[in-house]
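Student: Here is the input, now give the coordinates:
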Amino acid sequence: VKQIIKDGKTPDDITEELIGSYLYSGGQPDPDMIIRASGEHRLSNFLPWQGIYSELYFPKDYWPAFSEEQIKQAIEEFDSRQRRFGK
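Tutor: Here you go, the predicted structure:
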């Protein structure tokens, strides 16, 4: 937000898209799914803006041990969800 102000943007210029373009991930699509390995049920401030409509998946295994089969399970679960994007 400080950079937006430094760049001379006015309050009327500020939109969700403008803020998104100033993030490190600017220009990349927001993630459809965030996998938080290790069984923790928190995101630890990971992608708070970009992940607002992401589906969350919390497997118990740690990432180095996360297998191809577990990726397939995560995708199958994702495919079974009904996404409403806040509606």
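
Student: Okay, helices next: where are they in this protein?
Tutor: 2-6, 16-22, 68-80 (DSSP state H).

Student: What is the shortest one packed up against?
Tutor: When you say that, I think you mean helix 2-6. Contacting helix 2-6 under the criterion 3 or more C-beta pairs under 8 Å, 6 or more residues apart in numbering; DSSP states H and E are the following elements: helix 16-22. Where C-beta positions appear, they are placed from N, C-alpha and C, glycine not excepted.

Student: Return the residues in contact with the most centrally placed residue in the chain.
Tutor: Centroid-nearest residue in the chain: Gly51, 2.5 Å away (criterion: C-alpha atoms, centre = their mean). Neighbouring residues of Gly51 by C-beta atoms under 8 Å, 6 or more residues apart in numbering: 30-31, 34, 43.

Student: Which ones among those residues lie within strands?
Tutor: Counted as lying in strands by DSSP state E, out of the contacts of Gly51, are Ile34.
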